[in-house]
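**Q** the following comprises the amino acid sequence and a computationally predicted model.
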Amino acid sequence: MITIVVGTNRKDSVSFKVALHYAEVLKAKNITNSILNLRELPEDYIISALYENIGKNEQFNKIRDRMNKSEKFVFVVPEYNGSFPGILKAFIDGLDRAKALADKKCALVGLSAGDQGAGLALSHFTDILNYCGTNVLAYRLRLPKIGDSMTDSKITNQLYVSKIHNQAQKLIEF
C-alpha cells in the first residue's frame, strides 16, 4: 500500500489535485494506494494530539494507524514561504516515527506557483525524513508554475505527466 500524503490542509488545494493524478497513475500500474489529505486532521490537532496528548485523540489515532500500516509514501509538498507548510511538520511530529516512517520508502513531489518547484521545501523536508529514518527516493519531482500546467484541475503539461509516471515506477521498484 502506498499512501499519498497531501502536504497541506488548504481547502481546494492544488496539492490535492496533483495527489489525485498520482493516485490514478499508481492505479493504472495496479498498485494499491490511498490519499491522506491533511484536511482530515482534527481541527484542534496541535492541541489535542501532540506532545503530552499523543495517543489521546481518537480521530488522529486512526490517521496514525494508516501511516503505520502503509508500506511506502508519496508526499505532495507545496512551497509555502520558501519551505513547506507548518501543518506538514506538525503532522510528522504527531506520528510514531518508529512505526510510521523508519525504514520505509517515499517519493517527494514539490509544487510551486513560482519558478523553483519547491526545491528548498523538498530539501528541508528530505532532511526531516532522513532524521526520521525514512529512505527518500533520489528522483524528487519539482513542478514549478503548477497553475500554468493545469486545466480544469487536471495536469495538462505532458512533461509533468511523464515525470510523475517515471517517478511512480521508480518508487514501485525502490
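**A** Great, that's in hand. Predicted, not measured: the structure shown is a model, and the values here were computed from it.
**Q** poorly predicted segments of the chain, please.
**A** In the predicted model of the chain, no residue satisfies pLDDT under 70.
**Q** would you point out which residue is most central in it?
**A** Within the chain, one residue has its C-alpha closest to the average C-alpha position: by C-alpha atoms, centre = their mean, that is F75, at 1.9 Å.
**Q** residues contacting it?
**A** F75 makes contacts with 5, 7, 88, 106-109, 125, as judged by C-beta atoms under 8 Å, 6 or more residues apart in numbering. The way it works is simple: take the backbone N, C-alpha and C, and place the C-beta from them, glycine included.
**Q** spatially nearest residue to D103 (excluding sequence neighbours)?
**A** G133 (5.9 Å; C-beta to C-beta, 6 or more residues apart in numbering).
**Q** surely the one you found is in a strand?
**A** No. Assessed with DSSP: H, G, I helix; E, B strand; the rest coil, G133 is coil; it does not lie in a strand.
**Q** how many residues are close by it?
**A** Neighbourhood size, G133 [other C-beta atoms under 10 Å]: 12.
**Q** with V136 instead?
**A** Number of residues near V136 (other C-beta under 10 Å) recorded here: 19.
**Q** who does it form a beta bridge with?
**A** C106 (DSSP bridges).
**Q** can you pull the contacts of it?
**A** When contacts are counted by C-beta under 8 Å, 6+ apart, V136 touches 105-108, 126, 129-130.
**Q** and it, how far from K17?
**A** V136 sits 23 Å away from K17, going by C-beta to C-beta, to the nearest Å.
**Q** now E40
**A** With distances defined as C-beta to C-beta, the gap from E40 to K17 amounts to 16 Å.
**Q** between the two, tell me which one has more neighbours.
**A** Neighbour count, other C-beta under 10 Å: between E40 and K17, K17 has more, with 19 against 15.
**Q** the more buried one looks like it's in a helix, true?
**A** Yes. Looking at K17 with three-state DSSP, it is inside a helix.
**Q** so it touches M150, yeah?
**A** Yes. Counting by C-beta atoms under 8 Å, K17 touches M150, with 6.9 Å between them.
**Q** related to what we said a few turns ago, list buried residues within the contacts of V136.
**A** Buried positions within the contacts of V136, assessed by neighbour count (16 or more other C-beta atoms under 10 Å), are 106-108, 126, 129.
**Q** tell me the residue in this protein that is farthest from the middle.
**A** E52 (25.6 Å).
**Q** quick one: classify it as helix, strand or coil.
**A** The three-state assignment at E52 reads helix, by three-state DSSP.
**Q** now tell me what touches stretch 167-174 from outside.
**A** With contacts defined as C-beta under 8 Å, 6+ apart, stretch 167-174 is touched by 2, 22, 25-26, 29, 31, 72, 74, 105-107, 109, 135, 137, 139, 141.
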